[in-house]
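A.B. asks: please work out how this folds:
(chains A and B, ligands or ions: 2)
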Amino acid sequence: MDAKFDIQDLNVYWDGNLLLKKVTLRIPSCQILGVIGPAGSGKTTFIRSLDRMNELEPGFKMEGRILLDGEDIYAPGYDAVTLRKKVGMVFALPVALPMSIYENIVYGPRLAGIRNHDQLGGLVEQSLQAAFMWDEVKDRLEMSGLRLSGGQQQRLCLARVLAMEPEVILLDEPCSGLDPISTAKIEEALTALKKKYTIILVTNNTKQAARIADQTAFFLMGELIEIGPTDRIFTAPIHKQTDDYVTGRFG
Amino acid sequence: MRIRPRYTQWLAVTILGGATILTLAVLVFIIVFVLEKGLPVVNFGFLFTNAEDMGRAGGIFTTLIGTIVLPLLAIIVAAPLGISTAVYLTEYTVETRATKIIRFGTDCLAGIPSIIFGLFGFIFFVTTLGLGWSILSGGLTLAVMILPTIIRTTEEAVKAVPKSYRQVSFSLGATRWQTVKRVILPNALPGILTGIMLGIGRSIGETAAVIFTAGSSLRMPSSVFDSTRTMAVHFYILAREGISSENAYGTAATLIIAVLAINLTAYWMMGRFIAKRS
Ligand SMILES: Nc1ncnc2c1ncn2[C@@H]1O[C@H](COP(=O)(O)OP(=O)(O)O)[C@@H](O)[C@H]1O
Ligand SMILES: [Mg+2]
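C.D. replies: Ligands and ions are numbered 1, 2, ... in the order given. Next up, the predicted model:
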């Protein structure tokens, strides 16, 4: 079993309401898993369970097990900070921290204790290259990240996650506010990155899942309705709800 | 009878604008009045020689020192305490009844007249702890007095840092303290500085609480256990006891210029800091 994540009977409650119901799936490494479903179906709640971001909000409760490389990440001794260094997250709204592009990218590595100037510089170049924006910003790394366009900021966020050298990258509708060109650049970057990383991409755009996901999972009202190879989910779904959703009959 | 929108618009501009002009006029009048009466006395000698004959003659040097030392001590004590408390309340605790009571308490404290703090300082620092009328008693009393303001302004500044910055920081593997240190405090700094400036301003202008705790000695203090007199207290005594209205206004003018200079420096520093980050 070479599943990166093994999720077993995951229930999540917000303020006592059951909002993820018995979600069970395995997520293999070196692939892109697309997560689709209408708004409010629990996609964000699901991926935020994977890096324990949910517990920072009041009213969160979970049951079940989530194993990363066979280890239960919610076990009492498991450190959430260590987990988040291995599992990076790109949020729906691009958020550059109010500091320079360079400082944004070395934020994670600095936390990990890297002080060496050359090493940090190398990480900055590498991650910006991988996010397809090195050429755009290499001459102005000292500029505030806030001055970048939305599309650039989102790639900065991706580069910032890559600089932590994580094992898993979670993306929560990363292209929802972006223009087609920025979207294409992010998709191109993700496709290249999947050789090395486990990528979980929540998207409100079924076509995006169809374009770049290897497997696709369909969520509806807190339930995982169906998961399978992307081709099959889009051409021969087993469940009628999946068919309705991917063909655009609702959602 | 319906008034035409154009007319009400004109009326609104007149009233709002009029209020603004009136406020400005009062402020300018006070400042010009004090400066006009006081500035002729203010010169190098006035600032840097000691008072003689209770302030009838000579300068204000020792009160200048008192005005620097007391607020400085107050800020050195109150800023770290207040900022830590505010950060703890906002970042490390969830909103419960206990935090609400603490917040309500600080709000109440912020509104208490300074003479009450003076009385408290007199009973606690001067008498009970036996510190006497001294810079230490005065500085600590002022610290207690401005603590609520610093806590409240810091809390507001910390709360105004976008939640998304915290999320990003945590998601990149930061602990809560690293998030506070690297993201929250730098972004809340302008607001925190505002609180500190308010605190300094209140300390510099304070008379009642200072007379009760630091006394009003005109001698040059040689340690924090000596009594001292601030410019505000000096002005009060000179004017109140009819010792010298010229020197009283000279002191007041110096005070106004000092407060102005401190505020301008703070704004300039804040402006530079903000410009660097955006
Ligand atoms: N922090 C929270 N507190 C309370 N309820 C939440 C919170 N986050 C999400 N929910 C609820 O969980 C449900 C699923 O939301 P979400 O996971 O954001 O779905 P999606 O990302 O698919 O739109 C919604 O009903 C939402 O109101
Ligand atoms: Mg969502």
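A.B. asks: from chain B, how far off is the residue most central in space within chain A?
C.D. replies: Centroid-nearest residue in chain A: A:Leu170, 1.5 Å away (criterion: CA atoms, centre = their mean). Per CB to the nearest CB, to the nearest Å, A:Leu170 is found 9 Å from chain B. (C-beta placed from N, C-alpha, C; glycine too.)
A.B. asks: please enumerate the strands of the stretch 51-200 of chain A.
C.D. replies: A:60-68, A:71-72, A:87-90, A:168-172, A:198-202 (DSSP state E, counting those that start in this stretch).
A.B. asks: what's the span of stretch A:52-71 from first residue to last?
C.D. replies: For stretch A:52-71, the first-to-last residue distance is 14 Å (CA to CA, to the nearest Å).
A.B. asks: need the strands of the stretch 51-200 of chain A in CSV with distance to ligand 1 and mean pLDDT, can you?
C.D. replies: Shown next, in CSV, are those (distance: least, CB to the nearest ligand atom, whole Å; pLDDT from 0 to 100):
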stretch, distance to ligand 1, mean pLDDT
strand A:60-68, 7, 95
strand A:71-72, 22, 94
strand A:87-90, 13, 96
strand A:168-172, 7, 96
strand A:198-202, 7, 96
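A.B. asks: which residues touch the residue of chain A found nearest chain B?
C.D. replies: Per CB to the nearest CB, A:Lys85 is where chain A lies closest to chain B, at 3.7 Å. Contacts for A:Lys85 were tallied using CB atoms under 8 Å, 6 or more residues apart in numbering or on different chains; they are A:Gly108, A:Leu111, A:Ala112, A:Met164, A:Pro166, B:Leu172, B:Gly173.
A.B. asks: just the buried ones from those residues?
C.D. replies: Those of these that meet the buried threshold are A:Gly108, A:Leu111, A:Met164, A:Pro166, B:Leu172, B:Gly173, by 16 or more other CB atoms under 10 Å in any protein chain shown.
A.B. asks: in the residues you listed, find the pair that's most separated.
C.D. replies: Greatest spatial distance among the buried ones among the contacts of A:Lys85 (CB to CB): A:Leu111 and A:Pro166, at 12.5 Å.
A.B. asks: show me the shaky parts of the stretch 1-150 of chain A.
C.D. replies: The stretch 1-150 of chain A contains residues with pLDDT under 70 at A:1.
A.B. asks: what residues does it put near chain B?
C.D. replies: Where the stretch 1-150 of chain A comes near chain B, counting by CB under 8 Å from any CB of the partner chain, the residues are A:51, A:53, A:56, A:58, A:81-82, A:84-85, A:88-89, A:91, A:93, A:95, A:97-99, A:107-108, A:111-112, A:144, A:146-147.
A.B. asks: which one of the strands of the stretch 51-200 of chain A lies nearest to B:Leu109?
C.D. replies: strand A:60-68 (35.1 Å).
A.B. asks: quick one: contacts for whichever residue of the stretch 51-200 of chain B sits closest to chain A?
C.D. replies: Minimum separation of the stretch 51-200 of chain B from chain A (CB to the nearest CB) falls at B:Gly173, amounting to 3.7 Å. Contacts for B:Gly173 (CB under 8 Å, 6+ apart) come out as A:Val81, A:Thr82, A:Arg84, A:Lys85, A:Gly108, A:Leu111, A:Ala112, A:Met164.
A.B. asks: got these as CSV, with distance to A:Ala213 columns?
C.D. replies: Putting the contacts of B:Gly173 into CSV (distance: CB to CB, whole Å) gives the following:
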residue, distance to A:Ala213
A:Val81, 29
A:Thr82, 28
A:Arg84, 24
A:Lys85, 25
A:Gly108, 26
A:Leu111, 30
A:Ala112, 30
A:Met164, 23
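A.B. asks: which one of those is nearest B:Tyr249?
C.D. replies: A:Leu111 (56.9 Å).
A.B. asks: make JSON lines out of the contacts of B:Gly173 and add distance to ligand 1.
C.D. replies: Formatted as JSON lines, these follow (distance: CB to the nearest ligand atom, whole Å):
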{"residue": "A:Val81", "distance to ligand 1": "20"}
{"residue": "A:Thr82", "distance to ligand 1": "23"}
{"residue": "A:Arg84", "distance to ligand 1": "17"}
{"residue": "A:Lys85", "distance to ligand 1": "23"}
{"residue": "A:Gly108", "distance to ligand 1": "24"}
{"residue": "A:Leu111", "distance to ligand 1": "25"}
{"residue": "A:Ala112", "distance to ligand 1": "28"}
{"residue": "A:Met164", "distance to ligand 1": "24"}
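A.B. asks: and of these, the nearest to A:Ile233?
C.D. replies: Of these, the one sitting nearest to A:Ile233 (CB to CB) turns out to be A:Arg84, at 29.5 Å.
A.B. asks: nearest residue to that closest one in space, please, no chain neighbours.
C.D. replies: Closest residue to A:Arg84 apart from its sequence neighbours, by CB to CB, 6 or more residues apart in numbering or on different chains: B:Gly173 at 4.6 Å.
A.B. asks: re the thing from before, for the buried ones among the contacts of A:Lys85, give me TSV that also has distance to B:Thr20.
C.D. replies: Output for the buried ones among the contacts of A:Lys85, formatted as TSV (distance: CB to CB, whole Å):
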residue	distance to B:Thr20
A:Gly108	49
A:Leu111	48
A:Met164	52
A:Pro166	55
B:Leu172	46
B:Gly173	50
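A.B. asks: which one of these is nearest B:Leu81?
C.D. replies: For the buried ones among the contacts of A:Lys85, the closest approach to B:Leu81 (CB to CB) belongs to A:Leu111, at 27.9 Å.
A.B. asks: does the closest one touch B:Phe170 like I think?
C.D. replies: No: the criterion here is CB atoms under 8 Å, and A:Leu111 misses it with B:Phe170 at 10.6 Å.
A.B. asks: the residues of the stretch 1-150 of chain A next to chain B in helices, which ones?
C.D. replies: In helices, defined here by DSSP state H, the members of the residues of the stretch 1-150 of chain A next to chain B are A:Val81, A:Thr82, A:Arg84, A:Lys85, A:Tyr107, A:Gly108, A:Leu111.
A.B. asks: OK, contacts around residue 41?
C.D. replies: Because you didn't say which chain, this covers chain A. A:Phe219, A:Leu220, A:Met221, A:Gly222.
A.B. asks: I was thinking of chain B, sorry if that wasn't clear
C.D. replies: Applying CB under 8 Å, 6+ apart to B:Val41 gives the contacts B:Glu246, B:Asn247, B:Tyr249, B:Gly250, B:Ala253.
A.B. asks: number of nearby residues for the last one?
C.D. replies: Applying other CB atoms under 10 Å in any protein chain shown, we find 22 other residues in the vicinity of B:Ala253.
A.B. asks: helix, strand or coil: sort out it for me.
C.D. replies: B:Ala253 carries the three-state label helix when classified by DSSP: H, G, I helix; E, B strand; the rest coil.
A.B. asks: contact partners for the closest residue to it other than its chain neighbours?
C.D. replies: In space, B:Ala253 comes closest to B:Gly38 once its chain neighbours are excluded; the distance is 2.8 Å by CB to CB, 6+ apart. By CB under 8 Å, 6+ apart, the residues touching B:Gly38 are B:Tyr249, B:Gly250, B:Thr251, B:Ala252, B:Ala253, B:Thr254, B:Ile256.
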